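Asker: the following comprises the amino acid sequence and a computationally predicted model.
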Amino acid sequence: MSETAPPPTATARIFKMPSLGADMESAAVLEWLVQPGDLVQRGDVIARVETEKSDIDVEIWEKGRVIAHLVEIGEDVPVGTPILQLGTSVESTDPISATPAVVAPSSSSTGTGPAPAQVRERVFIPEPVAEHDLPPTSEPARDLRASPLARSMASALDIDLATIAGSGPEGAIIARDLPFNSMEGTVEAPAKSQPVAIDRMREAIATRMARANHEIPHYHLERDVDLGTAMDWLERSNECVPPGERVLPAALFVKAVARSMAEHPNLNGFWVDDRFQAGDGVHVGMAISLRTGGLVIPTIVNADRRTISEVMSSLREMVAGSRSGSMRSSWMHEATVTVTNLGTNGADRVHGVIFPPQVALIGFGRIAARPWVAEEQVRPRPVVTISLAADHRATDGATGSRLLSTLAHSLEHPEEL
Amino acid sequence: MTAPELAAETTYRDALREAIREAMIEDERVFIMGEDVAEYGGTYAVTKGLYKEFGRDRVRNTPLSEAGFVGAGIGAALGGMLPIVEIMTVNFSLLALDQIVNTAATLRHMSGGQFHIPVVIRMTTGAGRQLAAQHSHSLECWFAHVPGLRVVAPATVTDARWMLKAAMADPDPVIVFEHNGLYNSSGPVLPGPVDLTTAEIRRPGTDLTIVASAGMVSKSLEAAEQLGDRNVSAEVIDLRSLRPLDRATLAKSVEHTSRAVVVDEGWRSVGLSAEIAAGITEDCFYRLDAPVCRVASREVPIPYPRHLEDAAIPQVHDIVAGAMTVMTGSLADV
């Protein structure tokens, strides 16, 4: 609570109300999930906050010991307002923080720690990824005067700058002071020296996808589905509907996936701490590519319980919102499975990369007229290839294969959706 | 381009005139207007002879009213003509800033691309001719700040010839800065075309990059020669375009030299040199071995007396001194 906050010390740091969506301006803390004296790690959920659009678990991006809450529960504060005071020193506990007086009386006693399922990031909320992925800089090196180039080279050569005598202005270490001449050629371009202009989103995608390919033993399955019935059904049900409300195949896909996931819960959830955790509902993340490059994955919460037209209107809003840069916090819910649909002009099939910590990604290639054998005759039919990328740690091929069968059946009987 | 033209040595002034002449012959929508551009041939004699060749409808004198005749040029461009407007010096262009910034630069965007303003506005810039504070300033950065304008500053005879041609072909407003110290410079006109966006390496080097434009290019090249005597190999980049800045060429150079000196005849504070230095730092931070150095004009209105004018604007020895600071960290041996 604010009245109990000790004055900030040299080691104290402040955690501010994060922006959890492009349109989020303020939020109120509903519940503190950490108390003064608690140790927090990067990724811990520290509070549940209420934004205009939804309640969101707020994760912290640094570790330390909680010194004090800085806002009252229920107090609506702008993004950027300091909400938590944090000590850098993990071992020392500020005596004040141990006294019962600082424990918020109104805070829930159940909120003693984050539930593991909540300790994950969601869609690409801009977070200081790079800052935390960099190796810690040793303090002495930070105090040294050295040019950026000298630092880059020292890092590439694994040289301790403290051992180098500088010949630059006021003793600054510059490139010529480093013993690189003997290794000329090998330090032509230290990794960090590249003019990297990757934007945040690209960085987040890169991190997440690299992790996916590194950690997840993927298996891939495919199944072709005759969409003739589905396309006829869509055409009929769209007949009396104004153009802006017509249902497109993508909505059918999302709904079919959601229904199928509900029947195959082993594919709907997360791989966390070496075990599978089922999702608390079927929340379908929809990969939406941006015209400026990159993609976002807004989530349709409880997609299996929505009607097709509800799914369709969500998709419309998401595509428009994502592409105009106004993501809603309600779309930031953690998805339990991701769908990628390359659309009518896309590739024939997708061999997807799972979005960790999920365990499955379902891809739809383009719908194209192909020869199809039915009742011993070859006919041209609109066919789509559905692919499943699944985490072999969580399930085996037989499970995935059953999911695709269910999905195919759903799409062949759209009226049941 | 015919062979005899190729061989010909010509002046910066004549190269500009040739570009204008060519455009007027090729397209009858092209006309030129400005103060004393007709019978007199323009303050710097760029339009000399054009009045006789093309007549008063296409080579038009204007009253001493920059806002009026620049606005008329913009209006003519909007109405389908291809005007070239000559302004005597950049100092006087301030009277027409409203027309240039609020109209020429904006209409394409405000109309959602429906209207283009294919006007070329030529103006003299720079000091060095003892014309005092109201005729000698370098205000390129005022224009280079504005989206919707293209700003170029040809520094060679070849660039004068071909960049003016490219400016004429551009469907949107182009500001062409002509340094008053360059009109009499001469050289061969090398084959074009020259685009309006790319910087040019005038002298390759390995130890540091000197970035310059317009009147500062020749001084930088001379400084680079002197630096050679001190075993410093300087690369000299002629910006050519001030908006957009060719950051890729600058970054590529500084990536291998790790040091940069930015030379600007404009004032140092809040100027083009600051923009370039910031860009280099953003693009090449981890390759920099010394802070980016700026060599710019002193923070005074350009003085009239020769020795004070010389002292106010960057000279070869200033550039050498800046380069040696970047190389050694001290000015001691300059």
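Answerer: Everything's here; your move.

Asker: now do the helix or strand hosting residue A:370: which elements does it pack against?
Answerer: Using DSSP states H and E, residue A:370 sits in strand A:368-374. Contact here means 3 or more Cβ pairs under 8 Å, 6 or more residues apart in numbering or on different chains; DSSP states H and E; on that basis strand A:368-374 packs against strand A:218-226, strand A:377-391. The way it works is simple: take the backbone N, C-alpha and C, and place the C-beta from them, glycine included.

Asker: for the ones you listed, which one ends up most surrounded?
Answerer: Ranked by mean neighbour count, those are led by strand A:377-391 with a mean of 19 (mean count of other Cβ atoms under 10 Å in any protein chain shown).

Asker: export that strand to CSV, keeping only CA atoms.
Answerer: The C-alpha trace of strand A:377-391 is given here as CSV (Å, rounded to 0.1, in the frame of the first residue of the first chain):
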residue,chain,number,x,y,z
GLN,A,377,-15.9,-41.7,-59.8
VAL,A,378,-13.4,-39.0,-60.2
ARG,A,379,-14.9,-35.5,-59.8
PRO,A,380,-13.5,-32.1,-59.4
ARG,A,381,-14.1,-31.0,-55.8
PRO,A,382,-12.9,-28.1,-53.7
VAL,A,383,-10.3,-29.7,-51.5
VAL,A,384,-8.3,-28.4,-48.6
THR,A,385,-5.2,-30.0,-47.0
ILE,A,386,-5.3,-29.7,-43.3
SER,A,387,-2.1,-30.2,-41.5
LEU,A,388,-1.3,-30.8,-37.8
ALA,A,389,2.0,-29.9,-36.2
ALA,A,390,2.0,-31.5,-32.8
ASP,A,391,4.4,-31.8,-29.9
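
Asker: if you compare the directions of it and strand A:218-226, what angle comes out?
Answerer: 160 degrees (axes from the mean of the first three to the mean of the last three Cα atoms, to 10 degrees).

Asker: so how far is the helix or strand just after strand A:377-391 off the chain centroid?
Answerer: Counting by DSSP H and E, the next helix or strand C-terminal to strand A:377-391 is helix A:397-412. Averaged C-alpha coordinates place helix A:397-412 at 27 Å from its chain's average position (Cα atoms, centre = their mean, to the nearest Å).

Asker: now for helix A:397-412, which elements pack on it?
Answerer: Partner elements for helix A:397-412 (3+ Cβ pairs under 8 Å, 6+ apart): strand A:218-226, helix A:228-238, helix A:249-263, strand A:360-364, strand A:377-391.

Asker: partner strands of the shortest one, with direction?
Answerer: In the sheet containing strand A:360-364, its partner strands are strand A:337-341 (parallel), strand A:377-391 (antiparallel), by DSSP bridges.

Asker: with mean pLDDT and distance to residue B:112 added, can I get the helices and strands packed on strand A:368-374 in TSV?
Answerer: As requested, those are exported to TSV (pLDDT from 0 to 100; distance: least, Cβ to Cβ, whole Å):
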stretch	mean pLDDT	distance to residue B:112
strand A:218-226	95	43
strand A:377-391	94	38
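
Asker: helices of chain B, start to end?
Answerer: Applying DSSP state H to chain B gives helices spanning B:3-7, B:12-26, B:50-54, B:66-78, B:90-93, B:97, B:107-110, B:140-144, B:157-169, B:215-229, B:247-257, B:272-284, B:306-312, B:316-328.

Asker: quick one: mean pLDDT over the fifth one.
Answerer: Translated: helix B:90-93. The pLDDT scores in helix B:90-93 average 95.

Asker: give me the contacts around the next helix or strand along the chain from that helix.
Answerer: Downstream of helix B:90-93, the next assigned helix or strand under DSSP H and E is helix B:97. Contact with helix B:97 is made by residue B:142, as judged by Cβ atoms under 8 Å, 6 or more residues apart in numbering or on different chains.

Asker: for the record, mean pLDDT for helix B:97?
Answerer: 97.

Asker: I'd say residue A:298 and residue A:338 touch.
Answerer: No - the pair residue A:298 / residue A:338 is not scored as a contact, 10.7 Å apart, by Cβ atoms under 8 Å.

Asker: of these two, which one has the most company?
Answerer: residue A:298 (26 against 23; other Cβ atoms under 10 Å in any protein chain shown).

Asker: residue contacts, residue B:41?
Answerer: B:47, B:48, B:49, B:50, B:51.

Asker: okay, now the first one: neighbour count?
Answerer: If I follow you right, that is residue B:47. With other Cβ under 10 Å as criterion, residue B:47 counts 28.

Asker: OK, contacts around it?
Answerer: B:17, B:20, B:32, B:34, B:37, B:38, B:41, B:59, B:86.

Asker: again, only using 7 Å
Answerer: B:17, B:32, B:37, B:41, B:59 (Cβ atoms under 7 Å, 6 or more residues apart in numbering or on different chains).

Asker: one step back: tell me which of the strands paired with strand A:360-364 sits nearest to residue B:264.
Answerer: strand A:337-341 (50.3 Å; Cβ to Cβ).

Asker: now do that closest one against helix A:397-412, angle only.
Answerer: 50 degrees.

Asker: angle of the longest strand along chain B against helix B:247-257?
Answerer: Ranked by residue count and defined by DSSP state E, the top strand of chain B is strand B:260-267. Using the same axes, to 10 degrees, the inter-axis angle of strand B:260-267 relative to helix B:247-257 is 130 degrees.

Asker: for strand B:260-267, list every residue counted as buried.
Answerer: Going by neighbour count (16 or more other Cβ atoms under 10 Å in any protein chain shown), the buried part of strand B:260-267 is B:260, B:261, B:262, B:263, B:264, B:265, B:266, B:267.

Asker: quick one: mean pLDDT over that strand.
Answerer: 97.

Asker: how confident was the prediction at residue 8?
Answerer: No chain was given, so I picked chain A. pLDDT, read off for residue A:8, is 41.

Asker: I was after chain B.
Answerer: 72.

Asker: how about the contacts made by it?
Answerer: Counted by Cβ under 7 Å, 6+ apart, residue B:8 has contacts B:188, B:189.

Asker: what do you get for residue B:216?
Answerer: B:263, B:264, B:265, B:314.

Asker: how much space between it and chain A?
Answerer: 25 Å (Cβ to the nearest Cβ, to the nearest Å).

Asker: returning to what we had before: distance to residue A:283 added to the helices of chain B, as JSON lines?
Answerer: Below are the helices of chain B laid out as JSON lines (distance: least, Cβ to Cβ, whole Å):
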{"stretch": "helix B:3-7", "distance to residue A:283": "70"}
{"stretch": "helix B:12-26", "distance to residue A:283": "63"}
{"stretch": "helix B:50-54", "distance to residue A:283": "73"}
{"stretch": "helix B:66-78", "distance to residue A:283": "54"}
{"stretch": "helix B:90-93", "distance to residue A:283": "60"}
{"stretch": "helix B:97", "distance to residue A:283": "56"}
{"stretch": "helix B:107-110", "distance to residue A:283": "41"}
{"stretch": "helix B:140-144", "distance to residue A:283": "50"}
{"stretch": "helix B:157-169", "distance to residue A:283": "55"}
{"stretch": "helix B:215-229", "distance to residue A:283": "61"}
{"stretch": "helix B:247-257", "distance to residue A:283": "43"}
{"stretch": "helix B:272-284", "distance to residue A:283": "39"}
{"stretch": "helix B:306-312", "distance to residue A:283": "67"}
{"stretch": "helix B:316-328", "distance to residue A:283": "57"}
